[in-house]
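Peer 1: When you get a sec, could you give me coordinates for this:
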Amino acid sequence: MSRYPDHLSPSATSPRSNSSKSRARREPSGVFSLFQAPQIQQFKEAFQLIDHDKDGWVTESDLREIFSSLGIPPSKRMLDDLLSSRPGKSPSAGSSYDETRINFTMFLTMMSERLFEFDPEAELREAFECFDEGDTGMVKVEEMRKWMSEVGERMDQQEIDKFLKSSFTDRQGNFNYREWIKVLRVNDDGDGEEPQT
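Peer 2: Just a heads-up that it's a prediction; the model follows:
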């Protein structure tokens, strides 16, 4: 006696008739689950901008066209490198026509690989370390206040106070950025806000 149900055994006849057979349902690529619908739409729009002939494939001629429109003269090597970095390449030595084209799913996979190489924790640590000359894990609040109000995306005084007057600032006026980054990592729920204290 088989431990599998009758309809799964090799000798079983198919319970479906020819008229009730339907095509196998294709499951979506896993890369689509990495992004929200608005993000996928933005990638789709970018893909369509690159796909000049609108055939659903990015080819060498599409890349050449987009680079030329940006004023960048593309070299053959640059184009080959971009096209060869696509996912799903076969290991064969010769390249077929399909191996020199990128569809939207491949494009989305390539973008996800590039995006997920970015490590916000490491980037934050590096940014704070620029101000931490003694490698103590602390930076002076007054120095941070100056930089946050004068450079880059400037913050107003209320935002700076909210950020720096927290449990991460000690009585000597030092901000413990290493602990702050740890809490960010633990509390990260995708909304990009700093933890409330």
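Peer 1: Going by C-alpha atoms from here, please, whenever you check contacts or count neighbours.
Peer 2: Will do.
Peer 1: Look at stretch 53-70 and report the distance between its end residues.
Peer 2: 17 Å (CA to CA, to the nearest Å).
Peer 1: which outside residues touch the helix or strand that Asp81 is a member of?
Peer 2: Secondary structure assignment for Asp81, by DSSP states H and E: helix 76-84. Helix 76-84 has contacts (CA atoms under 8 Å, 6 or more residues apart in numbering) with 59-60, 63-64, 99-102.
Peer 1: in this structure, which residue is closest to the centre?
Peer 2: For the chain, Leu115 is the residue whose C-alpha lies nearest the centre (CA atoms, centre = their mean; 2.9 Å).
Peer 1: mind listing what it touches?
Peer 2: With CA under 8 Å, 6+ apart, Leu115 has no contacts at all.
Peer 1: which residues of the chain fall in helices?
Peer 2: With helices called from DSSP state H, the chain shows them at 37-50, 60-69, 76-84, 104-115, 120-129, 141-150, 157-164, 177-187.
Peer 1: quick one, which of those is nearest to Val31?
Peer 2: Comparing these against Val31 with CA to CA, the closest turns out to be helix 104-115 (6.0 Å).
Peer 1: how far out from the middle of the chain is that closest one?
Peer 2: Using CA atoms, centre = their mean, to the nearest Å, we find the averaged C-alpha position of helix 104-115 to lie 8 Å away from the chain's own average C-alpha position.
Peer 1: Kindly report the same for stretch 115-131.
Peer 2: On CA atoms, centre = their mean, the centre of stretch 115-131 falls 15 Å from that of its chain.
Peer 1: on that earlier part again, for the contacts of helix 76-84, pick the one with the most neighbours.
Peer 2: Ile102 (25 neighbours; other CA atoms under 10 Å).
Peer 1: which residues does that one bridge with?
Peer 2: On DSSP bridges, the residues paired with Ile102 through beta bridges are Val58.
Peer 1: So it is in contact with Glu60, correct?
Peer 2: No: shown here, Ile102 and Glu60 do not form a contact pair, counting by CA atoms under 8 Å, at 9.6 Å.
Peer 1: hey, which helix or strand in this protein has the poorest pLDDT?
Peer 2: Across the helices and strands of the chain, mean confidence by mean pLDDT, DSSP states H and E is lowest for helix 177-187: a mean of 76.
Peer 1: shaky segments in this protein?
Peer 2: Across the chain, the ranges flagged by pLDDT under 70 are 1-29, 88-99, 116-119, 152, 185-197.
Peer 1: and Ser33, how many residues sit next to it?
Peer 2: Taking other CA under 10 Å as the neighbour definition, Ser33 ends up with a count of 10.
Peer 1: From Gln42, how far out is it?
Peer 2: Counting by CA to CA, the gap from Ser33 to Gln42 is 15 Å.
Peer 1: What of Glu159?
Peer 2: Using CA to CA, one gets 30 Å for the distance from Glu159 to Gln42.
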